[in-house]
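Colleague: no FASTA, just this:
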């Protein structure tokens with residue numbers, strides 16, 4: 001089972017890199033791997049008789065229905081509220097907290113857990129493996145730092161390279 005969330009590229013958009021043009025509706029499918037949660041979600045959909053398909057008024061085509069309408073603004077508002085609550089408790093973050101921060105964190109946690117790169121590519125929705133390999137570079141630098149591998153590169157150059165990855 002999958003839930004529609006923020007962004008899924010249309011066929012035409014999948015052929016090009018970058019963001020969708022302004023004003024176009026986008027979403028991403030997120031695989032649900034917790035079988036108990038999926039079972040409860042299926043029960044809820046059946047019990048409440050939530051339609052799984054709907055007719056698009058503009059195109060007339062039948063499409064998968066969204067269970068919850070979650071927009072980019074919804075997610076950013078909730079994150080902003082959480083960051084504000086954390087700040088009120090004296091918590092600070094070393095990086096900006098955005099939906100993309102969570103996306104990068106997810107990818108890194110998957111690598112640390114030993115998920116194969118091809119599986120991570122699929123989970124991240126990357127068309128090209130090179131997009132996923134960016135995370136392996138960061139992973140390698142982190143592992144090297146843990147094992148105290150010395151680089152001949154000046155620290156400022158290494159920092160500049162890391163900034164280019166994000």
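Modeller: Happy to help now that I have it. This one's a predicted model, so the numbers in the text were calculated from it and none came from an experiment. Residues are numbered from 1 along each chain as shown.

Colleague: Look up which helix or strand the residue nearest in space to the middle of the chain falls in, please.
Modeller: The residue lying closest to the centre of the chain (C-alpha atoms, centre = their mean) is residue 103, at 3.5 Å. Counting by DSSP states H and E, the element that carries residue 103 is helix 99-112.

Colleague: Kindly report the same for residue 119.
Modeller: Secondary structure (DSSP H and E) places residue 119 in helix 117-124.

Colleague: After that helix, which helix or strand is next?
Modeller: By DSSP H and E, the next helix or strand past helix 117-124 is helix 129-146.

Colleague: Buried ones in that following helix, by neighbour count?
Modeller: Buried residues in helix 129-146, counting neighbours by 16 or more other C-beta atoms under 10 Å, are found at 132, 135, 138, 141. Heads up, the C-betas are built off the backbone N, CA and C, glycines and all.

Colleague: Looking at those, spot the one nearest residue 154.
Modeller: residue 141 (14.8 Å; C-beta to C-beta).

Colleague: Point out the other helices and strands that the helix or strand containing residue 160 packs with.
Modeller: Using DSSP H and E, residue 160 falls within helix 155-165. Counting contacts by 3 or more C-beta pairs under 8 Å, 6 or more residues apart in numbering; DSSP states H and E, helix 155-165 packs against helix 129-146.

Colleague: Go ahead and measure how far the helix holding residue 103 is from the middle of the chain.
Modeller: For helix 99-112, the distance from its own C-alpha centre to the chain's C-alpha centre is 7 Å (C-alpha atoms, centre = their mean, to the nearest Å).
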